[in-house]
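*Asks:* using only what follows, build the 3D model:
(one chain, ligands or ions: 3)
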Amino acid sequence: MKFIADLHIHSKFSRATSKEMTFDNLAYWAKVKGISLVASGDFTHPEWFFLTKQKLEPSGNGFFRLKSINLPPNGFLKNVSLSADEVHFILSTEISFIYSKRGKVRKIHLLVLAPDLESVEKLNQRLSGLGNLRADGRPILGIDAKLFVKMVAELCPRCVVIPSHIWTPWFSLFGANSGFEAIEECFEEMTPFIFALETGLSSDPPMNWRLSALDRYALVSNSDAHSPSRLGREANVFDTEFSYNGLVAALKSRDPRRFLYTIEFFPEEGKYHYDGHRKCNVVLSPRESRRTNNLCPRCGKKLTIGVLHRVEELADRDLNQVPPDKVPFKNLIPLNEVIAEALNKTPECQSVWEIYFRFIHEFGNEQRILTEVPISELSRVQPDKVSLGVERMRKGLVHIEPGHDGFYGRISLFPAEAIEGASGGGQLSLF
Ligand SMILES: [Zn+2]
Ligand SMILES: [Zn+2]
Ligand SMILES: [Zn+2]
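*Replies:* Residues are numbered from 1 along each chain as shown. Ligands and ions are numbered 1, 2, ... in the order given. Down below sits the predicted model:
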């Protein structure tokens, strides 16, 4: 079965998340987005895990579904029909590890997937002696990430550990500030337990293909959503058995016939694509910051080194060298952002959502709208500038000011000249 999976989200118990991160909301929004499998999130948090057991029941394939459906208060959702079998959940959590190894402080995030409640109970039991799981939906543990993987392998060998957003500067496996140079440096003899890596919003597969050391890993993409409307902004598309085992086997195989493609941001849109210093409003490409010795040209402080720079540091392949048999990808822009661009409004305002749901009711779900529905059909729904935006996105005709030092990049789909000469073959201008 073909399905879209988003394996990394946070509940309302994680810091800086929306109160709307509840199971009902997640299920409704997953349907709207076209996602069939969504992470349950934060299973280490006692209250959220209590709610998980109360709200969800096993569907018999290692996934879970809603026991009962309550319509969320969001008015736009009231015309969306949902049955419990349309959206399934996979037990998941993310843990932040802060520890010292070989004289350096390391800070990395790991995503964990679990096949059943018993595995989660066992793991939570063990972890509760190591840190305060109640403090945050994404708890902080002071133990070595390698020891954690060892613990998982012993307690629940069917669980999956995936290093999260591996390139972000502050909390990741390869992060410029507190990460490692190689996977083996972090996980040592437990390295074979790891078979997938999350590329994060600021990097896309071609950037990761530049490291031959990553060839034997499945590269996954997830939303890391903190509010329900951001579900699926990055995700994975599979054509495999719809089960925990099917999912794991497809990931391990890295076979593009089973793991069809990933859905990606334009990586320049991510918060840490370029280098920069936010306070001074300084944004630099890796080449420019090498020229200033990675110091801010305005104030002289250290720049926040972005993902592109870090990839270039560790890369052993050229940009245009594409290794064979790679899982392909699609760069997409969330539909509410396309609409916001078309209307010259902000992506979260009411009038944008009103038009967004006009499209959803007409064509079913966001993924279909962004990738499948012919432009001629989309253009029937007003304002027709939205369909023009989708067309430009599909062709990669976007202009992006790269994200840096915690700021998202800014996308423009309608640079003034592009609208004037729409038929004149707009220019691909990534920066
Ligand atoms: Zn994280
Ligand atoms: Zn996260
Ligand atoms: Zn500065």
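
*Asks:* what number of residues lie near the closest residue to ligand 2 within the stretch 201-350 of the chain?
*Replies:* Nearest residue of the stretch 201-350 of the chain to ligand 2: Asp224, at 4.2 Å (Cβ to the ion). Just so you know, the C-beta spots here come from the backbone N, C-alpha and C atoms, and that holds for glycine as well. The local packing of Asp224 (other Cβ atoms under 10 Å) involves 23 other residues.

*Asks:* the closest residue to it other than its chain neighbours: how many residues sit nearby?
*Replies:* Nearest non-adjacent residue to Asp224, counting by Cβ to Cβ, 6 or more residues apart in numbering: His8, 5.0 Å away. Residues contacting His8 under the criterion other Cβ under 10 Å number 26.

*Asks:* give me phi/psi at His8?
*Replies:* Per-residue torsions, His8: phi -150, psi 110 (degrees, to the nearest 10).

*Asks:* pretty sure it contacts Ser223?
*Replies:* Yes: at 6.7 Å, His8 and Ser223 qualify as touching, with contact defined as Cβ atoms under 8 Å.

*Asks:* residues contacting the residue nearest to Pro328 when sequence neighbours are not counted?
*Replies:* Leaving aside its sequence neighbours, Pro328 sits nearest to Tyr261 (Cβ to Cβ, 6+ apart; 4.5 Å). Under the criterion of Cβ atoms under 8 Å, 6 or more residues apart in numbering, the neighbours of Tyr261 are Val237, Val327, Pro328, Phe329, Lys330.

*Asks:* likewise for Ile355?
*Replies:* Ile355 touches Ile339, Leu343, Pro383, Val386, counting by Cβ under 8 Å, 6+ apart.

*Asks:* make CSV out of those and add neighbour count, distance to Cys299 and secondary structure.
*Replies:* Converted to CSV, these look like this (neighbours: other Cβ atoms under 10 Å; distance: Cβ to Cβ, whole Å; DSSP: H, G, I helix; E, B strand; the rest coil):
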residue, neighbour count, distance to Cys299, secondary structure
Ile339, 25, 38, helix
Leu343, 17, 38, helix
Pro383, 14, 44, coil
Val386, 25, 42, helix
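
*Asks:* nearest to Phe187, of those?
*Replies:* Ile339 (42.7 Å; Cβ to Cβ).

*Asks:* residues contacting the closest one?
*Replies:* Going by Cβ under 8 Å, 6+ apart, Ile339 touches Lys345, Pro347, Val352, Ile355, Tyr356, Phe359, Val386, Gly389.

*Asks:* weed out the non-buried ones from those residues.
*Replies:* The neighbour-count test (16 or more other Cβ atoms under 10 Å) marks Pro347, Val352, Ile355, Tyr356, Phe359, Val386, Gly389 as buried among the contacts of Ile339.

*Asks:* tell me the two of those residues that are most distant?
*Replies:* Using Cβ to Cβ, the pair of the buried ones among the contacts of Ile339 lying farthest apart is Pro347 and Phe359, separated by 14.2 Å.

*Asks:* state the pair within the contacts of Tyr261 that is farthest apart.
*Replies:* Between any two of these, the greatest separation by Cβ to Cβ is 11.2 Å, found for Val327 and Lys330.

*Asks:* now the stretch 101-250 of the chain against ligand 3: closest residue?
*Replies:* Pro169 (15.5 Å).

*Asks:* give me the neighbour count for that residue.
*Replies:* Residues near Pro169, counting by other Cβ under 10 Å, number 25.

*Asks:* and the residue of the chain at minimum distance from ligand 1, which of the three is it?
*Replies:* Residue nearest to ligand 1 within the chain (Cβ to the ion): His109, separated by 3.5 Å. The three-state label for His109, taken from DSSP: H, G, I helix; E, B strand; the rest coil, comes out as strand.

*Asks:* mind listing what the residue in the stretch 51-200 of the chain that ligand 2 sits nearest to touches?
*Replies:* Closest residue of the stretch 51-200 of the chain to ligand 2, Cβ to the ion: Glu94 (4.4 Å). Residues in contact with Glu94 (Cβ under 8 Å, 6+ apart) are His8, His10, Gly41, Asp42, His109, Leu110, Leu111, Val112, Arg138, Ser164.

*Asks:* which residues does the residue nearest to Pro328 form beta bridges with?
*Replies:* Bridge pairing for Tyr261 (DSSP bridges) gives the partners Val237.
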